[in-house]
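Chemist: Prediction below, plus the sequence it came from.
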Amino acid sequence: METLLYFIIWAGMIFVMMRFGCGSHVMGHKHSTKRDHNQTAATCASEVLWEPPAKDRDLVCQKTVHTNTAKPSVHGGRVYYFCSRDCREAFEAAPDIYIGDAQKTLPGRDHEVTVHG
């Protein structure tokens with residue numbers, strides 16, 4: 001009997017949390033109107049501001065890499081692509097060695113990541 005009472009108390013607490021607390025968003029019980037939900041969805045869709053280039057140059061070994069299979073790294077708000085994990089780790093250990101003037105001269109260095117939070 002004590003076990004059943006314990007279970008009922010916990011099940012009730014979980015139900016209340018899922019219905020009215022943070023879990024309500026997971027369950028789809030948002031507290032906003034449908035109009036607010038549609039505006040939020042439209043806002044999220046419009047926040048995609050950047051698309052990576054098809055190819056870029058690895059700053060460490062100077063190879064041309066396809067960005068869809070490259071190993072990316074973000075430094076100073078910019079995305080850099082590398083052919084391997086080793087090149088990415090070398091860059092992340094000392095990015096100033098590789099960026100310098102190469103940032104201005106290499107093709108594809110004009111893309112930046114803008115994070116909206």
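Modeler: Noted; the coordinates are in hand. Numbering: from 1, shown residues only.
Chemist: neighbours of residue 79, just the number please.
Modeler: Per other Cβ atoms under 10 Å, the neighbour tally for residue 79 reads 18. For glycine as for every other residue, the C-beta is placed from the backbone atoms N, C-alpha and C.
Chemist: what element comes up after the one helix or strand it maps to heading to the C-terminus?
Modeler: Using DSSP states H and E, residue 79 sits in strand 78-82. Where DSSP H and E defines the elements, the next helix or strand beyond strand 78-82 is helix 85-93.
Chemist: quick one: pLDDT of residue 52?
Modeler: We have a pLDDT of 84 for residue 52.
Chemist: ok, now residue 64?
Modeler: 94.
Chemist: show me the contacts for it.
Modeler: By Cβ atoms under 8 Å, 6 or more residues apart in numbering, the contact set of residue 64 is 55-58.
Chemist: For these, give me TSV that also has distance to residue 8 and neighbour count.
Modeler: TSV is the format used below for the contacts of residue 64 (distance: Cβ to Cβ, whole Å; neighbours: other Cβ atoms under 10 Å):
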residue	distance to residue 8	neighbour count
55	61	14
56	59	23
57	63	20
58	60	21
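Chemist: which of these lies closest to residue 72?
Modeler: Residue 72 has its nearest neighbour among the contacts of residue 64 in residue 56, at 9.3 Å by Cβ to Cβ.
Chemist: Next, the closest one: secondary structure please.
Modeler: Put simply, residue 56 is strand when judged by DSSP: H, G, I helix; E, B strand; the rest coil.
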